[in-house]
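Enquirer: Quick check, what structure comes out for this input:
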Amino acid sequence: MEIDEFIKLGYEHIIDINGVDHILFVATLCSLYYVNDWKKVLWLVTAFTLGHCVTLALSSFRLVNISPSLVETLIPITIILTALYNIYVVSLEKKDKISIHWHYLATLFFGLIHGLGFSNFFKELFGADEQIWIQLLGFNIGVEIGQILVVVAITMIGYIISQFGNNSKKIWTIAIAVMAIGKSILILFG
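Expert: I've put the predicted structure just below:
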């Protein structure tokens, strides 16, 4: 397989409705921010991709092996925690007072967890191929492209909604958070 096929695979991993966990996490992550916060959001999504890439690589080289059932439990918990953080921030209107650096670190950590979620499939699909670095690079480029498309869509919808009044952006962020919490609970117990 060529690198463009791995890019496509990474992109499809993000937009696949059966793998809704990534879409939920990224949508929840960026729903808190405004269009003019695009640099912050881009760095947050990149931190998530970096974490995803690290654990995917470590797992692919069989340096990390964590129970898939534990990972499948942790992934919806990361979404719930991100959603609760957003509700906390908008309810107290403290977005600018909470350190973005902690948010980057938490997002990076959550990316580590999400990367483990796909690692077993990645190992089975590619095994010990000597081209694994190219496969990982292509896959993670595709992941980043897919996540940026989700960010753009959610940010633009949030922007349009914010034009309806003072509290509409707050309501949008809380609505995304509540939806993400509900779906994550279904994933956890479904």
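Enquirer: Tell me the spacing between residue 155 and residue 10.
Expert: As judged by CB to CB, to the nearest Å, residue 155 and residue 10 stand 21 Å apart. All C-beta atoms are positioned from the backbone trio N, CA, C, and that covers glycine.
Enquirer: More neighbours: which of those two?
Expert: Neighbour count, other CB atoms under 10 Å: between residue 155 and residue 10, residue 10 has more, with 27 against 19.
Enquirer: Hmm, the more buried one is touching residue 142, no?
Expert: Yes. Assessed by CB atoms under 8 Å, residue 10 is found in contact with residue 142 at 2.4 Å.
Enquirer: Give me the buried positions along stretch 62-81.
Expert: 64, 66, 71, 74, 75, 76, 78, 79, 80 (16 or more other CB atoms under 10 Å).
Enquirer: List the contacts of residue 158.
Expert: 30, 31, 33, 34, 35, 169, 172, 173 (CB atoms under 8 Å, 6 or more residues apart in numbering).
Enquirer: Likewise for residue 115?
Expert: Per CB under 8 Å, 6+ apart, neighbours of residue 115: 51, 52, 53, 54, 55, 56, 59.
Enquirer: helix or strand right after the helix or strand hosting it?
Expert: Residue 115 is located in helix 100-126, with elements delineated by DSSP states H and E. Counting by DSSP H and E, the next helix or strand C-terminal to helix 100-126 is helix 132-162.
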